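S.K.: mind looking at a prediction? Sequence and model below.
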Amino acid sequence: MVWFLVAGVLLVLNGVRAVDRSNFKTCDQSSFCKRMRTMGLDQSPYRAILETLELSDSRLTLQLINDNNKVRLLLELYRLQGNMTRLKINELKPLRSRFEVPDVLVGEPPTKPLSMVSRDEAGVVLSLGTDAHQLVLNARPFRLDIVEGARVLLSVNGRGLLAFEHLRPRKDTLSKISSTVGSMWDSIKNMFSSNTQKDSEGEETTEGAQEEGEEREEEEPGMWEETFKSHVDSKPNGPSSISLDFSLPGVEHVYGIPEHAENLRLKTTDKGDPYRLYNLDVFQYELYNPMALYGAVPVLLSHNAQRTMGIFWLNAAETWVDISANTAGKTLSGKVLDHAQVPSDAPQTDVRWFSESGIIDVFIMLGPKPSDVFTQYASLTGTQSFPPLSTLGYHQCRWNYNDQEDVRAVDAGFDEHDIPYDFIWLDIEHTDGKRYFTWDAANFPQPRDMLRGLQDKRRKMVAIVDPHIKVDSGYRIHNEIRSRNLYVKDKDGGNYEGWCWPGTAGYPDFTDPEMRAWWASMFAYDKYEGSMENLYTWNDMNEPSVFNGPEVTMHKDAIHGTWEHRDVHNLYGLYVQMATAEGLIQRSGGVERPFVLTRAFFAGSQRYGAVWTGDNAAEWGHLKISIPMCLSLGLVGISFCGADVGGFFKNPGPELLVRWYQTGAYQPFFRAHAHLDTPRREPWLFGPQNTALIRDAVRQRYALLPYWYQLFYHAHRTGEPVMRPLWVEYPQDVATFTIDDQFLLGRHLLVHPVTEQGSQGVSVYLPGVGEVWYDAHTFRRHDGDQNLFVPVTLSSIPVFQRGGSIIPRKVRIRRSSTCMENDPYTLYVALSPQGTADGEIYIDDGHTFNYDRQKQFIHRRLTFANSSLSSSNLSADSQFTTASWIERVLILGGQEPSAVTLRTADGSRSLEFEFDAATSVLTIHKPGVNAGSDWTVLLQ
């Protein structure tokens, strides 16, 4: 009977063509969000008790008191290395421990000395390293201001919206205590005066006063039990939500807090719901609204022409973010007025965070440049994992390829139509009845033979492994997890069960290190039957998705060890991907880099692989929104992002499909995917003309793989995004601040995909006063600092190379990236107005950790100046050899020389060249030098 109910759910899911918003909460339906939003402005009950202040070398502690209920909080302030400040607030004496997020930070952030500048009855002033850079703490009401000279950079609790729902016993439990016991307790309290503390105004505040304050607090609906549709959240620990506001004077543009199907620049939320961060399975999501989606990264960036900053709210519970436009003069008050001034009419953005549980733990990243914020955030949560080079190629996927013969036929189809690809994917139907780590014996009887067939062509496969486990006594994976007691528990202590693809399923407790270690061990070749080294992994449904759960996810009162699911919800997907990535590393003895795609993610997920934007639709709006969605993820560290090419739901027409391939070819993760019910859409099924257009887009991707790989190497080393908004490179150009229909790849390529149906032209903004850009296809030169109308046909992908850059390509396109490993390079040298250019080549083995552990790589600087192009070593202590060589050099914006000479350690020789006067392109043929050697090409 249960299975028939599940089957009904699946039929509904398969037939859905738009999200059912009634399945997901609004702020009014989330009791803590509703409570927090009803708080009045500028009525903060919190003040700092200055007598409790303690200052060590790098840490300040201070008690705050809520004058309404007398509950005390403990404030901790840290000055961190790299121009950051950390602020933590917790209950001074909580009834029980409150959850603090583990495993997201790469380590305890190193601190810097924190010193006091001045102190009086109104507050204190602390130095943040220089006389101009200070933190001003106002005692009553409590607020913090970070100032630089006379300028306020950021204010904390400037609008008085700090809130901290302290843990408390339930009142109906307290009422059972007799009046006699109550009288005895009063006598005991009077006997022990050590429980009495004096606040900053000399008033005695006792534990009894706190209890009396608590008694005065009104109980509100949803504090101790909450119902959404038919689901009841028992809330055994009662209300525990937290809130804090931040004001950003001079700021009108804020970004980040993915994942939302939204523009790059975040909108104000005064007239609707806040942005929600709560990982949910939302199929065919709506566009341009603040609904939660599959992942949550609680990082917000602010930017103006003077400064970029970031706020990292480290909390894994359900979180909402309100954004308001304001003027600075309305919120500036208190002690900061003695130190800084802001024009009363200056624009200001106010941001308020509120989470259902946990503590306040926030990192303020002070920039000042965009690259500084990326470095600061990377120092906290790590950088993008360095992917195997092959994963930057094209991926072919659908739900589902039917059997081994289907896989063989699709693979052969790519060869027949001369379209390169690296990975073919298998969705849930490849398993034995949705039992992960297994194969359907009828359709995939010889998985290793299938994988060897791909390996012979130097191609690979990805198979799905989801974190819901079929409850079946004949299923080894289920039996082992159950016997080890590693399932998430329900509120009554039994194994938590819900419905998902297999029917009734258990959910492993990935918050438990023992569970993660066991899961990782299951990827060993002798445990995962049929697997080989060219099989990689896809983690879907890891929000976690529970078809019959509240909001299609796990009940908040489920138990992970000693914590409720409400505390850890947004961490679940990160832990699944973490364990899976570790399994792929372990199976190779720690040698091979893993590839794991995840749908759910959190801060720190960048360390473990790639993400995609989930169950989109074959609609032009979904194609267009893929750009700002991936840009937003890149800003918060997750560079390896892509969208399902063609749209997961519905059926794309030929024009939409072609445009999506053209867009996807210039996004970091390039995968086509489609729903089970859609017609087949392999690239050659839409007629010869469209096949040729798709082939050209994919081949453009493969030609640029050396540049893509170089960008990911830098993302791994620095935290800078691969795909980035224009304002990251042009931070003072106000015209770039809201652009999200075009983007930069690194510093050197600007891409404006065509995302409008029937388009005959696009308006491209080319930034940079005094700069030039070159059309990457025609090599025509254009001045920067202009809006350029570019006529387009269905074959057009508007791409421009920045003047002053050198980009390596491999133009001999083969069936897969691995087949191109030793192929030669063509260098595209785009000259600046000053006649200079620079770039890099990065080469390693493409798949192991040897680049890091044994410094086996080549990293070279390419420089053009004074009519000379040279290659020099950027890493003297690295060692690696390559068979690749320099086959051709194209100099864009050049002049015709009388001769071209190559100089190497072996001597000099003349090179053949040709000059196209119509395009001002000089082509130098066959320098023939090894890509890892020193050489110089001289133009006479």
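M.R.: Good, I have the coordinates. Computed from a predicted structure; not experimentally measured. Residues are numbered from 1 along each chain as shown.
S.K.: how about residues contacting stretch 703-718?
M.R.: With CB atoms under 8 Å, 6 or more residues apart in numbering as the test, stretch 703-718 has contacts from 371, 374-375, 378, 383-387, 389, 392-393, 639-640, 668, 701, 720-722, 745-746, 748-749, 807-811, 813, 817, 820, 825, 840-842, 846. The way it works is simple: take the backbone N, C-alpha and C, and place the C-beta from them, glycine included.
S.K.: specify the local secondary structure of the nearest residue to residue 114 once chain neighbours are set aside.
M.R.: Distance criterion CB to CB, 6 or more residues apart in numbering; nearest residue to residue 114, sequence neighbours excluded, is residue 79 at 4.4 Å. Secondary structure, DSSP: H, G, I helix; E, B strand; the rest coil: residue 79 is strand.
S.K.: for residue 79, give me its contacts.
M.R.: By CB under 8 Å, 6+ apart, residue 79 lies in contact with 58, 85, 111, 112, 113, 114, 126, 128, 129.
S.K.: I only care about these that end up buried; give me the ChimeraX line for that.
M.R.: Burial among the contacts of residue 79 is assessed by 16 or more other CB atoms under 10 Å; the matching ChimeraX selection reads:
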select :58,85,111,112,114,126,128
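S.K.: part of a helix, is residue 661?
M.R.: Yes - the assignment for residue 661 is a helix, going by three-state DSSP.
S.K.: show me the contacts for the closest residue to residue 234 other than its chain neighbours.
M.R.: Excluding the flanking residues, the one nearest residue 234 by CB to CB, 6+ apart is residue 557, at 4.7 Å. Residue 557 sits next to 233, 234, 235, 236, 490, 491, 564, 565, 566 when contact means CB under 8 Å, 6+ apart.
S.K.: ditto for residue 574
M.R.: 103, 104, 598, 600, 601, 602, 604, 605, 608.
S.K.: next, count neighbours for the last one.
M.R.: Using other CB atoms under 10 Å, residue 608 has 26 other residues around it.
S.K.: thought it was touching residue 596?
M.R.: Yes - between residue 608 and residue 596 there is a contact under CB atoms under 8 Å: 6.0 Å.
S.K.: list the contacts of residue 138.
M.R.: Counting by CB under 8 Å, 6+ apart, residue 138 makes contact with 48, 122, 123, 144, 145, 333, 334, 335, 336.
S.K.: what bridges to it?
M.R.: residue 123, residue 143 (DSSP bridges).
S.K.: ok so, going back, with neighbour count and pLDDT added, can I get the contacts of residue 138 in TSV?
M.R.: Output for the contacts of residue 138, formatted as TSV (neighbours: other CB atoms under 10 Å; pLDDT from 0 to 100):
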residue	neighbour count	pLDDT
48	25	98
122	14	95
123	23	97
144	24	97
145	28	97
333	16	79
334	20	77
335	19	79
336	25	79
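S.K.: between the residues you listed, which sits nearest residue 803?
M.R.: Closest to residue 803 out of the contacts of residue 138 is residue 145 (42.7 Å), distances taken as CB to CB.
S.K.: so that closest one sits in a helix?
M.R.: No - looking at residue 145 with three-state DSSP, it is strand, so not inside a helix.
S.K.: next up, the contacts around it.
M.R.: Counting by CB under 8 Å, 6+ apart, residue 145 touches 135-136, 138, 152, 154-156, 158, 334-336, 339-340.
S.K.: ok, now residue 368?
M.R.: Residue 368 makes contact with 83, 306, 307, 308, 309, according to CB under 8 Å, 6+ apart.
S.K.: what sits up against stretch 881-894?
M.R.: Outside stretch 881-894, the residues that touch it by CB under 8 Å, 6+ apart are 772, 774, 779, 781, 801, 803, 811, 821-831, 843, 858, 864, 869, 915, 919-932, 935, 937, 939.
S.K.: same question, stretch 320-328
M.R.: Stretch 320-328 is touched from outside by 27, 30, 33, 36-37, 152, 247, 249-250, 252, 254, 257, 266-270, 273-277, 298, 300, 342-355, with contacts defined as CB under 8 Å, 6+ apart.
S.K.: just the buried residues of the residues you listed.
M.R.: 27, 30, 33, 36-37, 152, 247, 249-250, 252, 254, 257, 266-267, 269, 273-277, 298, 300, 342, 346-355.
S.K.: go through those and flag which are in strands.
M.R.: Using DSSP state E, the subset of the buried ones among the contacts of stretch 320-328 located in strands is 152, 247, 249, 254, 275-277, 300, 347-355.
S.K.: using PDB, write out every CA atom in stretch 423-434.
M.R.: The C-alpha coordinates for stretch 423-434 follow below in PDB (Å, rounded to 0.1, in the frame of the first residue of the first chain):
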ATOM      1  CA  PHE A 423      31.500  12.300 -19.800                       C
ATOM      2  CA  ILE A 424      28.300  10.400 -20.300                       C
ATOM      3  CA  TRP A 425      26.000  10.300 -17.200                       C
ATOM      4  CA  LEU A 426      23.600   7.700 -15.800                       C
ATOM      5  CA  ASP A 427      20.600   8.800 -13.600                       C
ATOM      6  CA  ILE A 428      18.700   6.700 -11.100                       C
ATOM      7  CA  GLU A 429      17.300   4.100 -13.500                       C
ATOM      8  CA  HIS A 430      20.700   2.500 -13.900                       C
ATOM      9  CA  THR A 431      20.500   1.000 -10.400                       C
ATOM     10  CA  ASP A 432      18.800  -2.100  -9.100                       C
ATOM     11  CA  GLY A 433      15.500  -0.600  -8.000                       C
ATOM     12  CA  LYS A 434      17.000   2.700  -6.800                       C
END
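S.K.: still on that earlier bit, take the contacts of stretch 881-894 and keep only those in strands.
M.R.: Going by DSSP E, the strands hold 772, 774, 781, 801, 825-830, 843, 858, 864, 869, 915, 921-925, 935, 937, 939 from those.
S.K.: how about CSV for the contacts of residue 79, with distance to residue 711 added?
M.R.: Converted to CSV, the contacts of residue 79 look like this (distance: CB to CB, whole Å):
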residue, distance to residue 711
58, 36
85, 31
111, 32
112, 31
113, 37
114, 37
126, 39
128, 33
129, 33
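S.K.: give me the element the nearest residue to residue 543 once chain neighbours are set aside is part of.
M.R.: Counting by CB to CB, 6+ apart, residue 279 is the residue found nearest to residue 543 once chain neighbours are left out, at 4.1 Å. Under DSSP states H and E, no helix or strand contains residue 279.
S.K.: right, and residue 279 touches residue 292 too?
M.R.: Yes - Residue 279 is within contact range of residue 292, at 7.1 Å (criterion: CB under 8 Å).
S.K.: report the distance from stretch 875-894 to the chain centre.
M.R.: In this view, stretch 875-894 has its centroid 32 Å away from the chain centroid, taken as CA atoms, centre = their mean, to the nearest Å.
S.K.: which positions in that stretch come out as buried?
M.R.: 878, 880, 882, 884-894.
S.K.: next one: stretch 533-540
M.R.: Neighbour counts over stretch 533-540 (16+ other CB under 10 Å) mark 534, 535, 536, 537, 538, 539, 540 as buried.
S.K.: who touches that stretch?
M.R.: Stretch 533-540 is contacted from outside by 391, 423, 425, 428, 451, 454-455, 459-467, 523, 573, 576-577, 580, 583-584, 587-588, 592, 594-600, using CB under 8 Å, 6+ apart.
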